[in-house]
Each structure stands twice: as C-alpha cells, then as structure tokens.
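Trainee: Let me see the structure of the following:
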Amino acid sequence: MKKLLFSCIILFGSFGYSQGCSDAGICSIGNSFTSVIDSTKNQIEVGNVFGKGVEDVFYISPYVSYTRAFNEHFSLTTKITYSQASGSFGTRGNIGDAFLIGNYKFLEKNEKQWSTLLGIKIPFTGSNDKINNFSIPLDYQSSLGTYDLFLGADFKYKKWNFNSVIQIPVINSNGNSYFDEYSASNDFPTTNLFERKSDVLFRSMYTFKSKSQKFTYKPNFLFIYHLGNDTYEDIFGKRQEIKNSEGITINANFISNYKINDRNSIEASIAFPVVYREIRPDGLTRSVTLGINYKYSF
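Mentor: Below is the predicted model of the structure:
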C-alpha cells in the first residue's frame, strides 16, 4: 500500500509542473501492443484522461474499452471515447470516436516477439459542435470528424518494446465552421472545413516490475511526425494551407500499473511534450495529460 501511495504521489504531484500532449488516437492505439490477458479471454477497461490545453482549456475525457482474446495470437479491442472541454469559449462535451483494433502476436523466440496491428477510427460527430450557436475551434470538439485507418508493428526484446504506427485519414467528414477573423479570440487558427494529414508514431518503452510483482512500470518516449501541412477553406471557398502545421512532436510518458489480483488492476499515467509542432490547428496538444483506469479480466 505504501508503494501504491508513493506512485500516486509522484504521478499527481507532477501534474502541476509538467507539460504534456494528446493526439488523434495514435498514442493510445500503441498501447494495444502491450495489453496482456493472461489466463482469461476478456478484459474491460474504464478510464479517464484529464488534460490542460495550451490555451488554458481543461479537458475531461472518459472512455470504455473491451478486449477479446480469441487465442494466444489474435485479440480484438473496441473503444468508445467522450470529451468535455472548458475554457474562455465556455464548456462543451460530446461523445467522440469509436475504435476497432485487431492485434496479432507471432510466436516468441529467444525472448524476441513480433506483433502487428490493424484498426479503424469512426467519428460520432462532424467536429462542428457549437456553444450558444457560435462556432468553436477544434480545441473544443470531441472528435476531428475523420474515418481513420491504423497500421502498425511492434518488436519486443526482453523488457523492451519498439513499435511504429501510421494513422491515415481515409474519409473526411469534418464540418467545422470556425473562423479566427470573426472570433473575439486570437488564440486559435481558422479551421473551417478542416482537412488534416496523416501521422506516424515511433515508440520505445522499457518495462520492469517490483519485487512483489504487484507493480509494473513503463517509462517510454513517443515520436510523432505530422506528414504535411493541414488545410482549411476560406470565405471565398478556396482551400488554404496552414503553414508550419507539419512537424514532429516528442512526448515523454510514464505508466504505473498496480495488480490487485489476477483479475483486477489499476493503472495511472502522465505525459508531456518535450518538442511540439509550431502550429497545431487540430487542437490536440496539451500542456499535460494525466490518465487513470481500472481493468477487469474474466
């Protein structure tokens, strides 16, 4: 119990002094490589992510997911998200996206193991929610309004994991209508009928356990490259490029898991950016994110 309390103090104490990030789903999707269901076939996860945006927007983002292991190789995960944003524009919350992720693990040989990932993201909104009938930027939206494809691979060697995932917007249903020039705020760029580019992630993670085997710690770094400048449609119906929205984000992340018993566990995480893109019109960068979840296997 003392170790659990100590871990929580470290995580929550870092909240006020760190800088962190969020993303369009690619960071959390990478966790599917390392989710483990031992003797059971099913796992339910309920969690919440708290975030502070770069323009003093505060986020509460609960989610629920279900994983089914069909055999020792193949598992399928579904996930549904919700997000509420509060800031100078007001407060707006809505259901976000649904994820469906398949993971195939190859046989482990000499402490080496490969696995692959294939998934989709389906939006529940067109990213054009309003507050008091006024258009609001993507920072306040619960979804980016795109149908995305995920492709990834992971290499595990002893206590190390190295994985890479690409997230590709396949269908754009973003109907956002926010114009910076007609807003009282200058904090957010114009994102009318926003179209975003793909993202590529590379993650390196080290896993170690306490002597009691109750605690698992996973420090990791994530490198996310946004593969081009995003665009929007101006008042004349012409598509304009958002300069400097292409680029790299480097995130530091720490995950701590406490195994209550064979079926129940609690996990906490904290993340913050070390490097981030100059312009982030998708509204995804956070000054810090803090997550906590409960997992039940059966």
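Trainee: Next up, phi/psi of the residue of the chain positioned farthest from its centre, please.
Mentor: Most distant residue from the mean C-alpha position of the chain: F236, 34.4 Å away (Cα atoms, centre = their mean). F236 has phi and psi values of phi -100, psi 10 when expressed as degrees, to the nearest 10.
Trainee: now E181
Mentor: Residue torsions, per degrees, to the nearest 10, at E181 are phi -70, psi -20.
Trainee: Quick check: the gap between the closest residue to it other than its chain neighbours and S143.
Mentor: Closest residue to E181 apart from its sequence neighbours, by Cβ to Cβ, 6 or more residues apart in numbering: T190 at 7.1 Å. C-beta here means a position set from N, CA and C on the backbone, and glycine is covered the same way. Here T190 is placed at a distance of 19 Å from S143 (Cβ to Cβ, to the nearest Å).
Trainee: Pick out whichever of the two has more residues nearby.
Mentor: Per other Cβ atoms under 10 Å, whichever of T190 and S143 has more neighbours is S143, with 25 against 22.
Trainee: Does the more buried one touch N128 like I think?
Mentor: No. Between S143 and N128 there is no contact under Cβ atoms under 8 Å: 10.1 Å.
Trainee: Assign a three-state SS to T190, would you?
Mentor: coil (DSSP: H, G, I helix; E, B strand; the rest coil).
Trainee: ok, it - contacts?
Mentor: By Cβ atoms under 8 Å, 6 or more residues apart in numbering, the contact list for T190 reads Y178, F179, D180, E181, Y232, D234, P281.
Trainee: quick one, strands of the stretch 1-150 of the chain?
Mentor: Secondary structure of the stretch 1-150 of the chain by DSSP state E, counting those that start in this stretch: the strands cover 42-53, 58-69, 74-87, 90-105, 112-123, 130-131, 134-135, 146-157.
Trainee: Neighbouring strands of the second one in the sheet, and parallel or not?
Mentor: Spelled out, that is strand 58-69. Strand pairing for strand 58-69, determined by DSSP bridges: strand 42-53 (antiparallel), strand 74-87 (antiparallel).
Trainee: swap in the last one?
Mentor: Using DSSP bridges, the neighbouring strands of strand 146-157 in the sheet come out as strand 112-123 (antiparallel), strand 160-172 (antiparallel).
Trainee: can you pull the buried residues of it?
Mentor: T146, D148, F150, G152, D154, K156 (16 or more other Cβ atoms under 10 Å).
Trainee: what angle separates that strand from strand 90-105?
Mentor: Strand 146-157 and strand 90-105 are oriented at 50 degrees to each other (axes from the mean of the first three to the mean of the last three Cα atoms, to 10 degrees).
Trainee: quick check, distance from strand 146-157 to the centre of its chain.
Mentor: 13 Å (Cα atoms, centre = their mean, to the nearest Å).
Trainee: Convert the C-alpha atoms of it to PDB, please.
Mentor: Taking Å, rounded to 0.1, in the frame of the first residue of the first chain, the C-alpha atoms of strand 146-157 are listed here in PDB:
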ATOM      1  CA  THR A 146     -12.400  11.700 -39.800                       C
ATOM      2  CA  TYR A 147     -12.600   8.000 -40.500                       C
ATOM      3  CA  ASP A 148      -9.000   6.800 -39.900                       C
ATOM      4  CA  LEU A 149      -7.000   3.700 -40.700                       C
ATOM      5  CA  PHE A 150      -4.300   2.400 -38.300                       C
ATOM      6  CA  LEU A 151      -1.400   0.100 -39.400                       C
ATOM      7  CA  GLY A 152       1.400  -0.800 -37.000                       C
ATOM      8  CA  ALA A 153       4.100  -3.300 -36.000                       C
ATOM      9  CA  ASP A 154       5.800  -4.000 -32.700                       C
ATOM     10  CA  PHE A 155       9.100  -5.700 -31.800                       C
ATOM     11  CA  LYS A 156       9.600  -6.900 -28.300                       C
ATOM     12  CA  TYR A 157      13.000  -7.900 -27.000                       C
END
